[in-house]
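Novice: output the structure for:
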Amino acid sequence: MSSAASTLFQSARWYDLGVNWDARLPRELPVLGNVFGPPGKLGLLDAACGTGRHVTALAKAGYRVTGLDFSADMLAAARSHPAESGRDATFIEASLDALPAGIGPFDGVLCIGNSLAAMGNAAAAERAVSAMASVLRPGGRLFVQIVNFAKMRNERPCIRGPRARREGGIEYISTRVFSFHAETAEITSLTLWHDQDWKHFAASSVLYPISQPQIVEWAAAAGVTLDALYGGYDRRPFDAATSEDLILVATRPG
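Specialist: As a prediction, this is how the structure comes out:
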């Protein structure tokens, strides 16, 4: 994630408490497996891996996975998971738009959870797409998921959730509120829980609201061939007016 990101994308504890992983992973993993195919020898790069939940799940499925994130706190949490899968994983601390020299090539790169938008501005997001495409082997595939900002701009108020997560006998309820400006969108995550009395934690970050034409243009400029634009993990075609997500799947020619 971008170095411009704030607490929301840096704190492993509060990020994880805002996600229902039991619901999310079963929805996403079958699509990732379909896009990337059987595990290959060069492995996958989870670009902006956060707390490493996808790294662990993909490793359990037999993939060799490298996780990359800008946040040291996120990576510390991520490193605690792969041992559960019985496979080693490699983790790298870096920003999406400045991948370290010498990494790759990979069979596939995934960038999900709105991480590309968390770059905060168009220039950084475009550099990130170029960087991710550059570490694919010929024939390797790129999978990018962001929310459908075009639809969300028309919602007043724009709220996603709530999501529930139970930890230590306490249920945490989280919701996210989006506020749109000319070139940015602010996301605020609010988590509520009851432990003798009601408590809350809130964190915000600035996103760049990427459009469908922009991400398609960036992918073409990065030298990858567009395979599909999905509107969600159900793989229905993207519709700017109705889709919840914008998912790009592309292949490096070769």
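
Novice: going forward, measure contacts between C-alpha atoms and count neighbours the same way
Specialist: OK.

Novice: show me where the stretch 101-250 of the chain has helices.
Specialist: Assigned by DSSP state H, counting those that start in this stretch, the helices in the stretch 101-250 of the chain fall at 122-134, 149-152, 212-221.

Novice: need the contact list for Trp193.
Specialist: Each residue near Trp193 by CA atoms under 8 Å, 6 or more residues apart in numbering is listed here: 170-173, 199-200.

Novice: okay, and the helix or strand of this protein with the least pLDDT?
Specialist: Lowest on mean pLDDT, DSSP states H and E among the helices and strands of the chain sits helix 12-17, with a mean of 82.

Novice: for that one, buried residues please.
Specialist: Of all the residues in helix 12-17, those buried under the rule 16 or more other CA atoms under 10 Å are 12, 14-17.

Novice: output the contacting helices and strands for it.
Specialist: Counting contacts by 3 or more CA pairs under 8 Å, 6 or more residues apart in numbering; DSSP states H and E, helix 12-17 is packed against helix 72-79.

Novice: how far off centre is the helix it packs on?
Specialist: The chain centroid and the centroid of helix 72-79 are separated by 15 Å under CA atoms, centre = their mean, to the nearest Å.

Novice: helices or strands up against the helix or strand just after it?
Specialist: Note on helix 72-79: by DSSP states H and E, the next helix or strand toward the C-terminus is strand 90-93. The contact analysis (3+ CA pairs under 8 Å, 6+ apart) places strand 90-93 against strand 65-69, helix 72-79.

Novice: what's the closest of the helices of the stretch 101-250 of the chain to Leu110?
Specialist: The closest of those to Leu110 is helix 122-134. By CA to CA, the value is 8.7 Å.

Novice: counting by contacts, list what that closest one packs against.
Specialist: If you count contacts as 3+ CA pairs under 8 Å, 6+ apart, helix 122-134 packs onto helix 212-221.

Novice: now the helix it packs on: average pLDDT?
Specialist: Summarised as a single mean, pLDDT over helix 212-221 is 98.

Novice: how about residues contacting that helix?
Specialist: With CA under 8 Å, 6+ apart, helix 212-221 has contacts from 126, 129-130, 133, 225-226, 240, 246, 248, 250.

Novice: okay, these in a markdown table with neighbour count and pLDDT next?
Specialist: As requested, those are arranged in a markdown table below (neighbours: other CA atoms under 10 Å; pLDDT from 0 to 100):
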| residue | neighbour count | pLDDT |
| --- | --- | --- |
| Glu126 | 21 | 98 |
| Val129 | 23 | 98 |
| Ser130 | 20 | 98 |
| Ala133 | 25 | 98 |
| Thr225 | 18 | 98 |
| Leu226 | 17 | 98 |
| Ala240 | 17 | 96 |
| Leu246 | 26 | 98 |
| Leu248 | 22 | 98 |
| Ala250 | 24 | 98 |
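
Novice: so can I have TSV of the contacts of Trp193 showing neighbour count?
Specialist: Below are the contacts of Trp193 laid out as TSV (neighbours: other CA atoms under 10 Å):
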residue	neighbour count
Ile170	11
Glu171	15
Tyr172	21
Ile173	21
Lys199	11
His200	12
